[in-house]
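**Q** Any chance you can model this:
(one chain, ligands or ions: 1)
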Amino acid sequence: MSAPFFLGKVIDVIYTNPTGDFTDSLTSLCALLSGIFVCGAAANAIRVYLMQTAGQRIVKRLRATMFSSILKQEVGFFDKTSTGELINRLSSDTALLGRSVTENLSDGLRAGAQASVGVGMMLAEERIGNIRTVRAFGQEMTEMEKYTSKVDYVLQLAKREALARAGFFGATGLSGNMIVLSVLYKGGLLMGSAHMTVGELSSFLMYAFWVGVSIGGLSSFYSELMKGLGAGGRLWELIERKPELPFNDGIVLNKDMFKGALEFKEIHFAYPTRPEISLFQDFSLSIPAGSVMALVGPSGSGKSTIVSLLLRLYDPISGTITVDGVDIRQLNPLWFRTKIGTVSQEPVLFSCSIAENIAYGAEDPSMVTVEEIQKVAEIANAASFIRDFPEGFHTLVGEKGILLSGGQKQRIAIARALLKNPKILLLDEATSALDAENEYLVQEALDRLMEGRTVLIIAHRLSTIQNADSVAVLDQGRIIECGKHEELLANPNGLFRKLMKKQAFLQNSKTFALNV
Ligand SMILES: Nc1ncnc2c1ncn2[C@@H]1O[C@H](COP(=O)(O)OP(=O)(O)OP(=O)(O)O)[C@@H](O)[C@H]1O
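**A** The predicted model follows:
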């Protein structure tokens, strides 16, 4: 605070004593300057370090809270919100808010304190000048009596003071630079009146410069604060958002009561992002516990949507889906999903080891033993190719399993589902052709996986359809045919027969399919 004051004093010594030991004065000026610089820099470094550490802690906590809130949102939310936007919230908005409430706040407080002290000191310096002006005025008046017109002199002096005051106070509402200019003007007048020493004027100008810089700091604090508030608003909107579907609420069925009989009753559904397109009108389907139902239908008819509704990723607009007679809306979705195994066309593998990807299926992956992983890999026909890798079960699969082939990925997904041991199984058969050996191995693994479970399979292969207990044909938002494979194929005008003629179902046995 008093650095400009002391500097002013030293300047006075140098200025008023030019014939004295100039080197001594200069040395003390340099020592003072370097002392101020070192102390100031050290204090500032400590302040910045503390603020940055606090800022990073706040950012970390914000990101964790935000991420956990994002994970609880319903799937419909992700349909409407882009991944880029969420990443932006998580990375830049949290960083902006963290900086705004730590470093920026501290910068702002410092700039505010500096500006107040600077203005106070300037007023004090100005007051000294004014007292001297009054004294000088008295003396000059006596002098003036001797020489010239009193009126002229008083007018001259009053005009000078009025100009100076207007210059100073008029500038207080303006920018830092304007204040500095105005103060220079005022300083010039004070100096011109010879009522301030050079040192006093120097400290006055240094305070003025200080105030100017501080006001610049305050304006950048304000703009950062506004950015921080904007980011905070966006973050809180997301953190406070209540998911439209419950995340971990609802009833849990008794283990012995849970058989896995599924029933869709008069379902009407449209995706939240396309409410005008009604995908299901009066969709009904019943899958008895322990049976295998193959679902077929043209591309885009809504087969995968049935799976999404069952997993409760979306709720139907009307109608009910029941499990053992209980509406799935009453069930705890988190618990219910642990009872359902899924193997999709493109299995989702994580960028970690094969063992970790298989263990992911268990309720508590940390409790899964190496033997359990090896056993399910064996049943899923995956163990032999895994052992062929130099790192075996510790082989990293790469992002989304990019280092593995399609058939290998599917067998790992089957091993994962086996470890989960679910009552209900949802399978989306791959449309992409696997080579003969891979196809055989995957099919065998799937057959083993299906044993003793309620299975809904989106079928693309003839063999799957033939082996299913019944086949349901989906078209125009409802089931139009349902029964055994042979019964459906016997209907010459049925959609099932038409579908069978299409390429996807003829891969295995063209002639057999059409001659039944
Ligand atoms: N998240 C979504 N939001 C809006 N519309 C969607 C969404 N997912 C799918 N759709 C639309 O719903 C319709 C049914 O899609 P779905 O994936 O269920 O069909 P499918 O029968 O499984 O098709 P395929 O056999 O080609 O996999 C399509 O018209 C699709 O564009």
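**Q** Spell out which residues of the chain are next to the ligand.
**A** 79, 271, 273-274, 279, 297, 299-305 (C-beta under 6 Å from any ligand atom). All C-beta atoms are positioned from the backbone trio N, CA, C, and that covers glycine.
**Q** Separate out the buried members of those residues.
**A** Neighbour-count burial (16 or more other C-beta atoms under 10 Å) is assigned, among the residues of the chain next to the ligand, to 279, 297, 301-303, 305.
**Q** Now the two most distant members of those.
**A** Within those, Leu279 and Gly297 form the most distant pair, 11.8 Å apart (C-beta to C-beta).
**Q** tally of neighbours for the closest residue to Gly401 other than its chain neighbours?
**A** Among residues not flanking Gly401 along the chain, Leu349 sits closest, at 3.2 Å (C-beta to C-beta, 6 or more residues apart in numbering). Using other C-beta atoms under 10 Å, Leu349 has 24 other residues around it.
**Q** Equivalent analysis for Ser116, please.
**A** That count, for Ser116 with other C-beta under 10 Å as the rule, works out to 12.
**Q** same deal with Asp327?
**A** Around Asp327 there are 11 residues (other C-beta under 10 Å).
**Q** Bridged to it, which residues?
**A** Thr322 (DSSP bridges).
**Q** my guess is it contacts Thr320, does it?
**A** Yes: with contact defined as C-beta atoms under 8 Å, Asp327 reaches Thr320; the gap is 5.2 Å.
**Q** Next one: the residue nearest to Gly401 relative to the ligand, how far apart?
**A** Distance, Leu349 to the ligand, using C-beta to the nearest ligand atom, to the nearest Å: 20 Å.
**Q** wait, that residue sits on Leu404?
**A** Yes: Leu349 lies in contact with Leu404 (C-beta under 8 Å); the separation is 7.3 Å.
**Q** Kindly export stretch 211-220 (C-alpha atoms) in PDB.
**A** Only the C-alpha atoms of stretch 211-220 are listed here, as PDB (Å, rounded to 0.1, in the frame of the first residue of the first chain):
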ATOM      1  CA  VAL A 211      -6.000   2.800  -9.500                       C
ATOM      2  CA  GLY A 212      -6.100   2.700 -13.300                       C
ATOM      3  CA  VAL A 213      -4.600  -0.800 -13.300                       C
ATOM      4  CA  SER A 214      -6.900  -2.000 -10.500                       C
ATOM      5  CA  ILE A 215     -10.000  -0.700 -12.300                       C
ATOM      6  CA  GLY A 216      -8.800  -2.700 -15.400                       C
ATOM      7  CA  GLY A 217      -8.500  -5.700 -13.100                       C
ATOM      8  CA  LEU A 218     -12.000  -5.100 -11.800                       C
ATOM      9  CA  SER A 219     -13.500  -5.000 -15.200                       C
ATOM     10  CA  SER A 220     -11.800  -8.300 -16.200                       C
END
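**Q** model confidence over it, on average?
**A** The average pLDDT within stretch 211-220 is 83.
**Q** repeat for stretch 199-207
**A** Averaged across stretch 199-207, the pLDDT comes to 76.
**Q** How far away from the center of its chain is it?
**A** 50 Å (C-alpha atoms, centre = their mean, to the nearest Å).
**Q** What segments of the stretch 251-400 of the chain are strands?
**A** 262-269, 280-287, 292-296, 318-323, 326-327, 340-343 (DSSP state E, counting those that start in this stretch).
**Q** Need these in TSV (columns: distance to Ile358 and mean pLDDT).
**A** Putting the strands of the stretch 251-400 of the chain into TSV (distance: least, C-beta to C-beta, whole Å; pLDDT from 0 to 100) gives the following:
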stretch	distance to Ile358	mean pLDDT
strand 262-269	26	93
strand 280-287	27	91
strand 292-296	24	92
strand 318-323	26	93
strand 326-327	31	92
strand 340-343	13	89
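**Q** returning to that earlier point: so which one among the residues of the chain next to the ligand has the lowest pLDDT?
**A** Among the residues of the chain next to the ligand, Ser299 has the lowest pLDDT, at 83.
**Q** Got the phi and psi for that one?
**A** Backbone torsions for Ser299, taken as degrees, to the nearest 10, come to phi -60, psi 130.
**Q** I'd like to know how far it sits from Met367.
**A** Separation of Ser299 from Met367 (C-beta to C-beta, to the nearest Å): 41 Å.
**Q** try Val252
**A** According to C-beta to C-beta, Val252 stands 20 Å off from Met367.
**Q** repeat for Pro347
**A** For Pro347, the distance to Met367 (C-beta to C-beta) stands at 23 Å.
**Q** Between these two, which is the more surrounded one?
**A** With neighbours defined as other C-beta under 10 Å, Pro347 and Met367 compare such that Pro347 has more, 23 against 9.
**Q** Next, the contact list for the nearest residue to the more buried one once chain neighbours are set aside, please.
**A** Leaving aside its chain neighbours, Pro347 sits nearest to Ala413 (3.4 Å; criterion: C-beta to C-beta, 6+ apart). Counting by C-beta atoms under 8 Å, 6 or more residues apart in numbering, Ala413 makes contact with 343-344, 347, 349.
**Q** Same check on Glu346?
**A** Applying C-beta under 8 Å, 6+ apart to Glu346 gives the contacts Lys409.
**Q** thinking again about what came up before, now tabulate the residues of the chain next to the ligand in TSV and tack on distance to Arg337.
**A** Formatted as TSV, those follow (distance: C-beta to C-beta, whole Å):
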residue	distance to Arg337
Asp79	19
Tyr271	20
Thr273	22
Arg274	25
Leu279	22
Gly297	25
Ser299	27
Gly300	26
Ser301	25
Gly302	21
Lys303	19
Ser304	16
Thr305	17
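**Q** Please identify which of the residues you listed is nearest to Ser34.
**A** Asp79 (62.8 Å).
**Q** and the closest one, what element?
**A** According to DSSP states H and E, Asp79 maps onto helix 75-80.
**Q** Output that helix as CSV, restricted to C-alpha atoms.
**A** Extracted in CSV, the C-alpha atoms of helix 75-80 (Å, rounded to 0.1, in the frame of the first residue of the first chain):
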residue,chain,number,x,y,z
VAL,A,75,-32.2,-42.5,-22.4
GLY,A,76,-34.6,-40.0,-24.0
PHE,A,77,-32.5,-37.2,-22.5
PHE,A,78,-29.4,-38.5,-24.4
ASP,A,79,-31.5,-38.6,-27.6
LYS,A,80,-32.1,-34.9,-27.2
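**Q** Mind listing what's buried along the next helix or strand along the chain from it?
**A** With elements assigned by DSSP H and E, the helix or strand that comes after helix 75-80 is helix 83-88. Within helix 83-88, the residues that qualify as buried are Leu86, counting by 16+ other C-beta under 10 Å.
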